[in-house]
Each structure stands twice: as structure tokens, then as C-alpha cells.
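Q: this one's sequence-less:
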């Protein structure tokens with residue numbers, strides 16, 4: 001049997017864990033740069049706030065103190081997610097961490113998990129829902145009912161009957177385009193899709209059909225897969241119009257991507273850099289895009305910075321920029337790279353230096369040791385996080401104060 005554990009309204013639940021006085025209020029967590037809603041508790045959903053809704057549309061409710069607003073605090077969310085996943089790994093030897101708030105695990109007896117929501121609530125404080133079924137797709141479908149009951153087991157004898165109650169658009173893997181396509185063919189429920197016969201279905205859709213009929217096609221991925229692309233981007237609160245600031249933003253994104261690259265022991269051959277103006281500006285005169293092919297595959301932050309920042313100087317145009325992004329492409333495992341006769345590789349001394357930098361930043365916090373091309377740790381960020389809560393579980397100077405839970409960032 002496959003169990004799916006889903007943390008309820010995860011980002012909001014993390015915030016409410018340290019602010020229990022807000023549990024009766026609508027709570028919304030905003031995206032980077034405080035742009036739109038990315039998490040809502042049940043009360044916020046009931047008053048009509050939609051996922052992805054821009055903040056300015058419900059800003060008046062916040063000003064009237066009818067809802068509580070938080071900026072995204074990913075340091076807190078990631079730490080609490082790790083705690084939940086570590087607890088699940090003690091229950092099952094096969095756990096697939098599907099996302100920051102979801103995990104699949106293999107179980108022999110569904111009854112062993114009936115008290116799992118209470119266990120996670122007791123040890124970590126995060127509310128979860130648990131759905132158990134014979135396949136991953138069925139477990140996803142069963143989660144619709146588990147969200148209402150807390151725990152639900154979809155019995156194999158009742159699978160087809162249950163699928164008749166699941167709307168097609170609620171099925172995992174059916175997006176807007178697929179829904180419109182099948183809706184035009186007269187399919188309305190997951191049961192209709194599971195028994196739809198066609199020779200024109202793509203392989204992933206055929207596998208979904210088989211999973212809905214009880215055959216396992218999607219195995220648990222217990223080991224993380226190496227990413228083929230790594231991207232870091234940020235929308236800015238104020239436009240950048242200075243070459244120095246632009247280079248700092250690009251350097252910061254390159255540093256983040258390089259750390260993630262080394263974490264999976266890989267190297268990159270190409271870096272794509274983009275800077276864009278606001279899509280609301282007319283005409284849009286601010287747009288930069290360049291591809292930097294590195295002299296050799298590398299995971300050395302300093303080497304990548306050296307080659308990329310020199311290209312920024314050549315391409316920079318004086319104009320207001322509202323978003324900067326960096327993407328690493330052509331990623332390969334470091335020990336499987338194929339070099340040409342003229343290509344070199346990162347010297348072992350530089351790899352050791354990068355390892356020491358990563359160790360220090362992991363031990364003492366991000367940006368403890370970094371390139372001088374990056375913005376200073378105390379320098380004001382170029383994006384807005386006005387409603388950011390404290391990093392209660394990862395920083396000593398931001399620990400919660402018991403009794404009032406009113407700790408805030410300094």
C-alpha cells in the first residue's frame with residue numbers, strides 16, 4: 001500500500017505554530033516580494049481569498065486587521081519540513097519526499113498509520129492529512145477525502161466506486177489543457193478517464209489510467225534525482241538602474257545556484273542570465289538576456305562569477321530592471337563529464353575551497369563567507385518582505401519567547 005502524507009496549509013501552519021493567538025483569524029502567506037497569496041488557512045479560503053491572488057486586492061482587509069499577513073519565511077518552512085520527513089522515515093524505510101509539504105511512503109498495513117496525524121501534531125505541531133491506497137495516483141485522489149477526515153484508506157474493492165465521485169479536474173496530472181481536451185470528449189469524472197479507450201493517449205496519461213485501475217506504474221523514488229537545470233530568480237521591490245547593483249544581484253543568484261550544484265556533486269557548462277523590466281511599463285525597453293558558455297564544466301562559484309560578470313558589463317543597458325534570474329544548463333555529474341582535448345577542469349584546490357565555504361555557511365548561516373561580488377549580509381535586500389516572521393528554529397537570536405510568541409526579526 002502507498003500512503004500520502006500532506007501537511008495542511010503548510011506555510012500558514014508553520015506561522016501559526018508560533019502564533020497560536022491567530023488560529024481563529026484568516027491567515028495568508030505571500031510570495032517573494034510580497035506579490036500574491038501562496039498559502040491560505042481555512043478561514044482565509046472561506047472569505048474568498050484565492051491561491052495566487054495579488055496582495056493589493058485584499059490589502060484593505062489587512063489594513064482593517066481582518067486578516068493576518070506573513071511574508072514567505074522559507075528558512076522556517078524548510079526546517080519544519082525536514083522534521084516532518086525525518087519522522088516519516090522512522091515509520092517506513094521507503095519514503096519519497098515529493099515536495100516541501102508532501103511525501104509518499106510504502107506501508108504494509110494501513111491501520112499502522114491511523115494515529116499518524118496525532119503523532120505528527122504532538123511531536124512537531126503541524127497538522128497533516130493521510131491517504132492510503134494501492135497506487136500513488138489513487139492515493140492522490142483519496143487525499144481529497146482525507147483532507148476532510150484527517151485519515152482515509154481507499155479500499156481496493158471500493159476504488160472504482162470512489163472514482164465516480166472525483167471530478168476530472170481534481171485528478172492529479174490533469175491540468176487546464178488536459179481537462180479541456182477530455183471535457184470536450186464528454187469525460188467528467190476520474191472514473192470516466194480511467195475507462196476511456198484511445199490510441200492517441202500519451203504515455204504518462206496511459207500510466208495514470210493504469211494506476212487508477214490499481215496497477216503500479218510510478219514507483220517510489222527514495223533517492224533524490226539530479227536536476228538537469230538549476231534556477232534562481234527574484235522580483236525586486238525597487239527597479240535596478242545601476243551596473244554595480246545588477247552585478248551584485250547576478251552574483252547572489254550564481255552563488256545560490258553553485259551551492260545547489262555542488263550539493264548534487266555536478267558541474268555546469270552554460271549559464272543563462274536574464275534581467276527584465278516591469279511588464280506593466282510601456283514600452284518595455286529594459287531586457288537583457290545572455291548565454292555564457294564556460295571555458296570548462298565547473299561548480300566553482302568564483303570561476304563562474306569571473307566569466308559571467310565580465311559578460312554583464314558588455315550587455316548592460318541603462319534602464320530600470322524589476323527582475324533578475326540565473327539558470328544553470330547542461331548539468332552533468334562531476335565524475336561523468338566528457339572533456340575535450342582543450343578543456344580543463346576545476347583544480348582540486350578550488351574544489352576544496354568551495355567545500356570549506358559550504359561547510360562554514362552551513363554551520364554559521366548563509367552568506368557567512370561569500371564572494372566580494374555579492375551584496376553584504378547586512379545590506380538592504382532589493383525585494384520586499386515587510387511581514388517576515390522570525391526564523392524561530394534556525395537562529396539563536398530569533399528564538400520564540402514563551403508566553404507571548406511575539407518574537408520578531410531584528
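A: That came in fine, so what should we check first? All values derive from a computational prediction rather than experimental measurement. Residues are numbered from 1 along each chain as shown.
Q: distance between the helix or strand that contains residue 12 and the chain's centre?
A: Element membership for residue 12 (DSSP states H and E) is helix 10-18. In terms of C-alpha atoms, centre = their mean, to the nearest Å, the centre of helix 10-18 is set 16 Å apart from its chain centre.
Q: How much space separates residue 311 from residue 269?
A: In this view, residue 311 and residue 269 are 15 Å apart by C-beta to C-beta, to the nearest Å. Every residue, glycine included, has its C-beta placed from N, CA and C.
Q: can you confirm residue 208 is in a helix?
A: Yes: assessed with DSSP: H, G, I helix; E, B strand; the rest coil, residue 208 lies in a helix.
Q: Check which helices and strands the host helix or strand of residue 361 is in contact with.
A: Taking DSSP H and E as the criterion, residue 361 maps to helix 348-364. Secondary-structure packing of helix 348-364 (3 or more C-beta pairs under 8 Å, 6 or more residues apart in numbering; DSSP states H and E): helix 243-263, helix 301-315.
Q: What angle do helix 243-263 and whichever helix or strand comes after the last one make with each other?
A: For helix 301-315, the following helix or strand on the C-terminal side (DSSP H and E) is strand 321-333. Strand 321-333 runs at 30 degrees relative to helix 243-263, counting by axes from the mean of the first three to the mean of the last three C-alpha atoms, to 10 degrees.
Q: and the closest residue to residue 166 other than its chain neighbours, how many residues sit next to it?
A: Spatially, and ignoring its direct neighbours in sequence, residue 166 is nearest to residue 190 (4.0 Å; C-beta to C-beta, 6 or more residues apart in numbering). Residues lying near residue 190 (other C-beta atoms under 10 Å) number 28.
Q: Next up, the contacts around the residue most central in space within the chain.
A: What sits nearest the mean C-alpha location of the chain, by C-alpha atoms, centre = their mean, is residue 100, with 6.3 Å. Listed by C-beta atoms under 8 Å, 6 or more residues apart in numbering, the contact set of residue 100 reads 10, 77-78, 81.
Q: from the residues you listed, which ones fall inside strands?
A: Using DSSP state E, no member of the contacts of residue 100 sits in strands.
Q: Quick check: mean pLDDT of the helix holding residue 12?
A: Helix 10-18 carries an average pLDDT of 95.
Q: got the contact list for that helix?
A: Defining contact as C-beta under 8 Å, 6+ apart, one finds that helix 10-18 is touched by 7, 22-23, 27-29, 38-41, 44, 70, 72-73, 76-77, 80-81, 100-101, 125-127, 389-390, 392, 400, 405, 407.
Q: continuing past it, what's the next helix or strand?
A: Past helix 10-18, the next helix or strand by DSSP H and E is strand 27-30.
Q: That following strand - contacts with which helices or strands?
A: Against strand 27-30 (3+ C-beta pairs under 8 Å, 6+ apart) you get helix 10-18, strand 37-40, helix 42-46, strand 68-71.
Q: give me that answer again for 6 Å
A: When contacts are defined as 3 or more C-beta pairs under 6 Å, 6 or more residues apart in numbering; DSSP states H and E, strand 27-30 packs onto helix 10-18, strand 37-40, strand 68-71.
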